[in-house]
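Novice: got a structure for you, letters missing:
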């Protein structure tokens, strides 16, 4: 399933800036950045649960915001892109 990860980490403190870096690293290792704090990840259920646990361990729920959108292929979804960034097609052929 395609998962959209969106976060807003409060960076007013040193610990907040550290949390932001850790959250970004987790997301970068799992999916592709499509905006500064938005990632697209192609995951199965187990990997989704692992990602969610990792992110919840890093954020401060009293200061930060984390949103995870699960988009199962069975329901169908469409992504419309505008602008210069073109995301990687996870379903397309892999060319090295």
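Specialist: Yep, it's here. Just so it is clear, the structure is predicted and the values come from calculations on it, not from any experiment. Numbering: from 1, shown residues only.
Novice: what about the helices in this structure?
Specialist: For the chain, the helices defined by DSSP state H occupy 14-30, 45-58.
Novice: format those as a markdown table; extra columns: mean neighbour count, distance to residue 93 and mean pLDDT.
Specialist: Where you see a C-beta, it was placed from the backbone N, CA and C, and this is true even at glycine. Converted to a markdown table, those look like this (neighbours: other CB atoms under 10 Å; distance: least, CB to CB, whole Å; pLDDT from 0 to 100):
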| stretch | mean neighbour count | distance to residue 93 | mean pLDDT |
| --- | --- | --- | --- |
| helix 14-30 | 15 | 22 | 96 |
| helix 45-58 | 14 | 22 | 94 |
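Novice: do you know which of those lies nearest residue 3?
Specialist: Counting by CB to CB, residue 3 lies closest to helix 45-58 out of these; the figure is 5.8 Å.
Novice: what packs against that closest one?
Specialist: strand 2-8, helix 14-30, strand 38-42, strand 65-71 (3 or more CB pairs under 8 Å, 6 or more residues apart in numbering; DSSP states H and E).
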